[in-house]
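Q: Make a model of this:
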Amino acid sequence: MSTRIVAVVGSYRKNGTVDAAVEAVLAGARARGAVTQTLYLTEEQLGFCTNCRVCAQTPGEERGKCTQDDALEPILCAIEAADAVVLASPVNYWNVTAIFRRFMERLLGYAYWPWGQVAPKVRSKKKPRKAVLIASAAMPGFLIPLATGAPRALKTTAQMLGARVVGKLWIGFSSGKEHQQLREGVRQRAQRLGEKLV
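A: Below is the predicted model of the structure:
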């Protein structure tokens with residue numbers, strides 16, 4: 001049976017640096033027989049978390065369901081059926097984009113947090129899938145984990161989705177041109193990360 005990989009892209013622009021990097025990761029995985037799917041958060045009807053915490057009240061390992069009727073449930077079902085995820089966002093104002101953050105905040109159902117409990121607890125410590133994290137920024141790539149909150153946000157999202165991180169790609173100097181091309185070395189690294197997901 002083929003490895004299934006779902007990519008969640010929090011970029012506002014298609015065919016930009018993040019989109020190209022995600023596609024390179026998926027191409028590397030497809031070269032090894034994987035089946036891939038890309039979800040662009042800009043194309044999904046996804047509401048804001050209202051902090052009602054209904055999804056976090058029932059104990060047990062099963063994910064709590066959100067009461068909102070939008071795209072969250074189909075997105076999470078696709079990820080839960082996958083063997084691996086790619087989580088990607090440009091850095092905007094020192095963190096992931098607002099649309100990626102909106103998605104991240106909607107993952108509270110993976111935690112148990114009844115009223116009166118000080119903090120949420122992740123429902124399951126199982127990590128059945130792999131994850132690759134991708135972020136791009138105008139700054140040098142090595143500064144992304146040092147100077148921004150994007151890596152932590154991406155890692156937290158992976159943990160909530162039951163994924164263990166097997167690779168990270170921090171892409172620097174990504175805003176030099178209006179239509180910045182992915183450097184060949186970065187593309188090759190991305191493809192090798194895709195191979196690790198299979």
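Q: what helix or strand does the residue most central in space within the chain sit in?
A: When CA atoms, centre = their mean is applied to the chain, the residue found nearest the centroid is Leu87 (2.4 Å). Element membership for Leu87, per DSSP states H and E: strand 84-90.
Q: Could you tell me whether Leu39 really is in a strand?
A: Yes. The assignment for Leu39 (DSSP: H, G, I helix; E, B strand; the rest coil) places it in a strand.
Q: residue contacts, it?
A: Residues near Leu39 by CB atoms under 8 Å, 6 or more residues apart in numbering: 6-9, 75, 78. Bear in mind the C-beta positions are built from the backbone N, C-alpha and C, glycine included.
Q: So which of those are in helices?
A: 75, 78 (DSSP state H).
Q: of the contacts of Leu39, closest to Thr17?
A: Closest approach between these and Thr17, by CB to CB: Val9, at 11.4 Å.
Q: Give the full set of residues in contact with that closest one.
A: Residues in contact with Val9, defined by CB under 8 Å, 6+ apart, are 18-19, 22, 38-41, 88-89.
Q: cool, and Pro140?
A: Applying CB under 8 Å, 6+ apart, the residues near Pro140 are 172-173.
Q: Return the distance of it relative to Gly172.
A: Noted for Pro140: a distance of 4 Å to Gly172, by CB to CB, to the nearest Å.
Q: quick revisit: direction included, what does the strand holding Leu87 pair up with?
A: strand 4-9 (parallel), strand 129-136 (parallel) (DSSP bridges).
Q: So in the protein, where's the weakest helix or strand by average pLDDT?
A: strand 121-122 (a mean of 94; mean pLDDT, DSSP states H and E).
Q: And the contacts of that one?
A: Residues from elsewhere that reach strand 121-122 (CB under 8 Å, 6+ apart): 110-113, 159-160.
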